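**Student:** Pasting the sequence and the predicted coordinates here, then a few questions.
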Amino acid sequence: MRRNRNVKIVATLGPASSDYNMIRALHEAGADVFRLNMSHGTHDKIGELHATIRQVEEDLDSPIGILADLQGPKLRVGEFANGAEELIEGADFRLDLEDAAGDVSRVRLPHPEIFAALEPGASLLVNDGKIRLKVKDCGADFANCEVVIGGTISNRKGVNVPDVLLPLAALSEKDLADLEFVCELGVDWLALSFVQRAKDVWDARDLVRGRAAVLSKIEKPSAVSSFDEILDASDGIMVARGDLGVELPVQNVPPIQKRLVRRCRAAAKPVIVATQMLESMIESPMPTRAEVSDVATAIYEGSDAIMLSAESAAGEYPIEAVTTMDNVAQEVESDPTYTEIIESSRVASRTSVADGIVAAAREIAETTEIKAICCFTQSGTTALLTARERPRVPIIAMTSQVSTARRLALTWGTFCVKTGELDRFKGAVVSAARAARSSGLATETDQIVVTAGVPFNIPGTTNILRVAPCEERLIYASDPE
């Protein structure tokens with residue numbers, strides 16, 4: 001299913017979008033990748049959603065990516081005797097390991113690893129940052145704090161520790177079980193929460209063993225500080241702006257988003273911009289103008305994908321939310337300013353033969369009447385390098401690997417076509433011409449650029465480029481091999 005846009009749309013599935021008809025409608029409306037949130041739902045339910053997506057994929061003959069998002073460690077306070085208390089600015093409040101129910105002066109924090117890492121002056125944020133505590137003194141089992149910003153604190157509210165690198169693994173016991181389950185199930189992407197350092201990603205990769213591509217969620221200040229190392233260890237990145245906006249001053253988030261997107265583009269790794277993009281559409285059929293501008297900004301920056309969370313998972317208007325994103329994307333990408341911004345922010349990389357091939361393909365396509373760039377790819381690397389160039393013409397990614405086609409559903413501008421095994425370049429050109437014609441991207445009188453690696457079916461061998469006619473008779477006449 002070819003889209004009239006380059007940016008991809010990720011839609012989270014949930015109670016509002018769990019049956020075949022809705023999932024199919026969401027894909028037809030524009031969702032390229034479906035997100036399974038492992039924080040909600042049993043393994044049986046996740047398995048049912050996975051099977052339904054694959055059924056839609058088969059029925060529509062359209063590769064669909066599936067992203068499983070692990071929950072990560074959840075740091076929460078204990079329970080209060082009264083269910084909730086009102087903390088007053090300037091008051092003292094204690095966090096400790098005692099089993100007693102909490103009151104207005106203290107509450108249990110059942111995470112000794114937090115106390116081990118705290119220092120006086122550190123901040124603790126409760127309930128998505130609505131309450132801010134400052135540590136006055138602390139020990140192995142307590143932290144005496146001052147209430148800097150007060151408010152209502154209640155049972156099991158989440159705790160963020162922005163100033164400290166916590167001695168916690170990114171994978172909890174639940175995550176380890178979920179990881180193995182979804183990898184065996186056959187998801188295409190695995191999103192890691194609570195990433196603080198590159199080691200968190202490498203540890204996860206050891207467990208994944210190549211069964212899925214690994215995507216790191218950037219939601220903590222420590223991840224921003226270690227971003228280059230995390231990016232190197234990851235197959236893709238999610239800029240999780242909601243959590244970043246809790247642990248960092250909100251004004252810091254937009255420039256961080258812009259920097260991270262550019263670094264991902266330079267590294268030829270997919271990047272998703274996520275969280276609260278069309279939040280009002282959970283309850284309204286129309287977004288706010290500010291939300292539309294926010295979505296447009298992520299597209300202007302050259303993000304590979306934009307994501308819906310509760311809007312499609314639990315909202316009243318999931319199809320309308322996807323349609324809105326699709327409409328915004330088409331409008332932005334038709335703006336001449338979009339092309340100017342994308343091309344001015346392109347980072348030249350010429351360190352390998354493959355880099356040179358894809359750069360030449362783009363330049364040829366943009367200076368002649370080329371209708372599309374057709375790249376043959378086994379692992380997906382050639383398509384990623386081609387997408388990094390952000391060409392003005394469509395990218396047709398030809399692959400014999402259905403797993404590669406599904407993973408590329410997250411990559412900017414790629415229209416994936418499943419092809420049989422090939423062993424000769426002429427056969428590849430014929431196959432590419434047919435794909436360009438059947439998709440409506442070219443006619444028999446048009447030309448395309450074809451890139452491939454010889455010998456075939458060996459990842460990382462992109463070494464050939466040809467400008468080819470789309471008429472098979474001309475292909476055979478010009479190449480007797």
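**Tutor:** Here it is on my side, so go on.
**Student:** Report the buried residues of stretch 122-142.
**Tutor:** Applying a neighbour-count criterion of 16 or more other C-beta atoms under 10 Å, the buried positions in stretch 122-142 are 122-127, 129, 131-135, 138, 142. Glycine gets a C-beta too; all of them are placed from N, C-alpha and C.
**Student:** Please tabulate those residues in a markdown table and include secondary structure, distance to residue 63 and pLDDT as additional columns.
**Tutor:** Formatted as a markdown table, the buried residues of stretch 122-142 follow (DSSP: H, G, I helix; E, B strand; the rest coil; distance: C-beta to C-beta, whole Å; pLDDT from 0 to 100):
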| residue | secondary structure | distance to residue 63 | pLDDT |
| --- | --- | --- | --- |
| 122 | coil | 46 | 94 |
| 123 | strand | 45 | 94 |
| 124 | strand | 44 | 95 |
| 125 | strand | 40 | 95 |
| 126 | strand | 43 | 95 |
| 127 | coil | 41 | 92 |
| 129 | coil | 39 | 91 |
| 131 | strand | 45 | 96 |
| 132 | strand | 46 | 96 |
| 133 | strand | 48 | 97 |
| 134 | strand | 50 | 97 |
| 135 | strand | 50 | 97 |
| 138 | strand | 52 | 96 |
| 142 | strand | 53 | 97 |
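**Student:** and the closest residue to residue 308 other than its chain neighbours, how many neighbours does it have?
**Tutor:** Nearest residue to residue 308, sequence neighbours excluded (C-beta to C-beta, 6 or more residues apart in numbering): residue 11, at 5.0 Å. By the measure other C-beta atoms under 10 Å, the count of residues near residue 11 is 27.
**Student:** Got the phi and psi for residue 11?
**Tutor:** phi -120, psi 130 (degrees, to the nearest 10).
**Student:** in the chain, which segments are predicted with low confidence?
**Tutor:** Scanning the chain for pLDDT under 70 picks out the ranges 457, 460, 476-481.
**Student:** Leaving out chain neighbours, which residue sits closest to residue 72?
**Tutor:** In space, residue 72 is closest to residue 193, 2.8 Å off (C-beta to C-beta, 6+ apart).
**Student:** Ok, residue 394 next?
**Tutor:** residue 372 (4.7 Å).
**Student:** and the one you found, what does it touch?
**Tutor:** Counting by C-beta atoms under 8 Å, 6 or more residues apart in numbering, residue 372 makes contact with 365, 393, 394, 395, 396, 436, 441, 442, 448, 449.
**Student:** So it versus residue 332, what's the distance?
**Tutor:** Distance, residue 372 to residue 332, using C-beta to C-beta, to the nearest Å: 21 Å.
**Student:** And for residue 384?
**Tutor:** 22 Å.
**Student:** So between the two, which is more surrounded?
**Tutor:** More crowded of residue 384 and residue 332, by other C-beta under 10 Å: residue 384, with 25 against 21.
**Student:** is it true that that one touches residue 269?
**Tutor:** Yes. The pair residue 384 / residue 269 is scored as a contact, 7.1 Å apart, by C-beta atoms under 8 Å.
**Student:** on that earlier part again, okay, the residue nearest to residue 394 and residue 464: tell me how far apart.
**Tutor:** Taken as C-beta to C-beta, the span from residue 372 to residue 464 is 17 Å.
**Student:** State the helix or strand in which residue 386 lies.
**Tutor:** Using DSSP states H and E, residue 386 falls within helix 381-388.
**Student:** Which neighbouring elements make contact with that helix?
**Tutor:** helix 353-367, strand 370-376, strand 395-399, strand 414-418, strand 447-453, strand 462-469 (3 or more C-beta pairs under 8 Å, 6 or more residues apart in numbering; DSSP states H and E).
**Student:** closest one to residue 405 among these?
**Tutor:** When those are compared by C-beta to C-beta, strand 414-418 sits nearest residue 405, at 3.9 Å.
**Student:** Any chance you could list what contacts that closest one?
**Tutor:** Residues outside strand 414-418 that contact it (C-beta under 8 Å, 6+ apart): 2-3, 63, 383, 386-387, 394-400, 402, 404-405, 408-409, 435, 439, 441.
**Student:** sorry, back to before: which of the contacts of residue 372 lies closest to residue 213?
**Tutor:** Looking across those and measuring by C-beta to C-beta, the closest to residue 213 is residue 395, at 18.3 Å.
**Student:** residues contacting the closest residue to residue 444 other than its chain neighbours?
**Tutor:** Leaving aside its sequence neighbours, residue 444 sits nearest to residue 471 (C-beta to C-beta, 6+ apart; 4.2 Å). Residues near residue 471 by C-beta under 8 Å, 6+ apart: 433, 444, 445.
**Student:** before we move on, the earlier item: pretty sure the residue nearest to residue 72 contacts residue 71?
**Tutor:** Yes. Between residue 193 and residue 71 there is a contact under C-beta under 8 Å: 6.2 Å.
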